[in-house]
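[1] Quick one, structure for this:
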Amino acid sequence: MSWSSRNRSAGSRLIPIGTGLAALASLHATECMAKPEIGVDFDAVVFGSDNPFLIPGDNRGSGAIDVAALPYVDWQLDPRTNFEFNGDLGFRQYFKHYGNYFTGSADAQLTHRHNEFLTVGAQANYSRDLIADILTETIDMAFDTRGIRESVDARASVAWSPNATMTITGDGGWQNLRYPGSRILQTTDAFDIGAAASKQLSTRTAVGVQTRFTSSQPEVGEDSTVTALNATASHRFSETWRGDVRAGVEWSSTDTLFAGEQNDRARFNGGINLCYEPEFTTACLTSSLGSEVSGLGGLQREFAVGANLRTRVSERGTLTADAAMRRTDVSGTDISARVMRAQAGYEHRLNRTLYLTTGAAYLERRIADANVGTFIIQFGISIRGERP
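    Below you'll find the predicted structure:
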């Protein structure tokens, strides 16, 4: 939030006008604050899988019903300040073997544009997820797919544009990861801070540099840190093709549960994104390599690759598909781990607020030579508010 005052040297003859304008502005601000966009969506899904938690052994199949309420708030506090909230409260009941679970998330964001040069923001997030549902988010998921992950994040950011072609950003945050009941994954705190500068060379091309420092503090063991320095570039090849690349080096000092300390190891760090966006369609390929915060007792170096597609196939129908894979060689061991997900779905709008969905997915995890996979088929119905 910021405050500003007018120059009062114009004399007392402007006071009545200024008072009237201030009253109108106050009334307008009050009206804006009194009319946040508030709503709630609802999802209900029935699905079946031959092994929903990717547990080795026979007779692991089960069906389930999952219901969720998704509240949201979009509040323009004043012409320069916006508040957004998105939540998710879900309940899942398995028909056999696995019982029931509560899941959910809450994400709040506040953005304030101080002027045309400076924007500041803050974000807070809590989530509670079944690990099998977020299989490819981190390599941790390969080691305890039956469990729950709880995460808390808080972050602040600032963006400064000294001119029309230059943007300088900075951000910092704290994260807490918990795995209740897990015998393998441990509670971990992480702090990170980063800065970046980007220069617009033309209407299609921008280049820049960025750096980030991350400190991981597991419940057992010493801290681990990584410092990354990258060059960045983005380019729009045409009206439908765009891409960006990040390449550089990271220096890590990692204490693992298995092999003591590894100091100042310099390794490649980077990523690439390529998107195709004709009318009614978005298709993207992504890839990255670098150290990530992990519940395995230190930072893990992970390679990830993914693809996603969303296309409107008719006035009421939308087709989606995505695939992702993540792998690592566990620090200090000769163990490799990999997780993979591939899924496709179709969404059909019955009317302004009611949607039917159907989909199929394949999930897989591999640790060393042990491999477990599963197929999932699901059907659902959604009720969605009409957002502006």
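
[2] From here on, just use CA atoms for contacts and neighbour counts.
    Will do.

[3] What are the boundaries of the strands in the stretch 101-250 of the chain?
    118-130, 148-160, 166-178, 188-200, 205-218, 224-236, 241-256 (DSSP state E, counting those that start in this stretch).

[4] So which bits of the second one are buried?
    By neighbour count on 16 or more other Cα atoms under 10 Å, the buried set for strand 148-160 is 148-160.

[5] Within the sheet, what are the partner strands of it, with directions?
    Here strand 148-160 has these sheet partners by DSSP bridges: strand 118-130 (antiparallel), strand 166-178 (antiparallel).

[6] Same list as before, these that is, but in JSON lines and with distance to R246 and mean neighbour count included.
    As requested, the strands paired with strand 148-160 are arranged in JSON lines below (distance: least, Cα to Cα, whole Å; neighbours: other Cα atoms under 10 Å):
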{"stretch": "strand 118-130", "distance to R246": "24", "mean neighbour count": "18"}
{"stretch": "strand 166-178", "distance to R246": "16", "mean neighbour count": "18"}
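
[7] Turn those strands into CSV, columns for mean pLDDT and distance to A233.
    Formatted as CSV, the strands paired with strand 148-160 follow (pLDDT from 0 to 100; distance: least, Cα to Cα, whole Å):
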stretch, mean pLDDT, distance to A233
strand 118-130, 97, 22
strand 166-178, 97, 13
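
[8] any idea how far P218 is from the residue most central in space within the chain?
    Centroid-nearest residue in the chain: E137, 9.2 Å away (criterion: Cα atoms, centre = their mean). The spacing between E137 and P218, counted by Cα to Cα, to the nearest Å, is 19 Å.

[9] which residue packs closest to T281, ignoring adjacent ones?
    T311 (4.2 Å; Cα to Cα, 6 or more residues apart in numbering).

[10] Give me the contact list for the host helix or strand of that neighbour.
    Following DSSP states H and E, one finds T311 within strand 300-312. Strand 300-312 is contacted from outside by 139, 280-294, 318-331, using Cα atoms under 8 Å, 6 or more residues apart in numbering.

[11] 7 Å instead, please
    If you take Cα atoms under 7 Å, 6 or more residues apart in numbering as the criterion, strand 300-312 is touched by 280-294, 318-328, 330-331.

[12] Which of the three states applies to E347?
    Secondary structure state of E347, per DSSP: H, G, I helix; E, B strand; the rest coil, is strand.

[13] could we number from 19 for the rest of this?
    Sure, I'll start counting at 19 from here, so that last one is E365.

[14] which residue packs closest to it, ignoring adjacent ones?
    Using Cα to Cα, 6+ apart, the closest residue to E365 is T375 (4.5 Å).
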